[in-house]
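>>> Using only what follows, build the 3D model:
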Amino acid sequence: MYYIKKTMEISGSHSLKLSRQSKCENLHGHNWIVTVYCKAKELDEDGMLVDFTEVKAMVHGYLDHQDFNSRLDFNPTAENIARWIVDRVPFCYRADVQESAGNVATYERDE
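Predicted coordinates:
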């Protein structure tokens, strides 16, 4: 089995729609640290699982310096963003989304 891990920093804002009152309902920003994990049994014809540049384009290229509420069609919690990444990136089985120091959400696909 082959594995890759791509970590990137994304600057972006969001406001959360919650069932309780929270300051997170106000538009605010983070410098997110996102780690994408991919795996596959075989490599492509170039000897790659998936190109790191393509992973960055799919995640960083889509979200960096954006208002996540206008880019994503769901409540942009760290947990939901982690799942979106796993669903978006080929061969991705796990994503870690850190919105601030000490606050990390992970989504891992069951196999």
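>>> check contacts around Met1.
Listed by C-beta atoms under 8 Å, 6 or more residues apart in numbering, the contact set of Met1 reads 39-41. The C-beta positions use only the backbone N, C-alpha and C, and glycine is treated the same way.
>>> List just the nearest of those residues to Arg109.
Nearest to Arg109 out of the contacts of Met1 is Lys39 (C-beta to C-beta; 10.3 Å).
>>> So that closest one sits against Val89, correct?
No - with contact defined as C-beta atoms under 8 Å, Lys39 does not reach Val89; the gap is 11.5 Å.
>>> So what's the residue count around the residue nearest to Ala78 when sequence neighbours are not counted?
Nearest non-adjacent residue to Ala78, counting by C-beta to C-beta, 6 or more residues apart in numbering: Ala105, 3.7 Å away. For Ala105, the count of nearby residues is 16 (other C-beta atoms under 10 Å).
>>> Which pLDDT does the model give Ala105?
Looking at Ala105, its pLDDT reads 98.
>>> That one contacts Trp84, doesn't it?
No - if you go by C-beta under 8 Å, Ala105 and Trp84 don't touch, sitting 11.4 Å apart.
>>> hang on, the earlier thing: among the contacts of Met1, name the ones in strands.
Members of those lying in strands (criterion: DSSP state E): 39-40.
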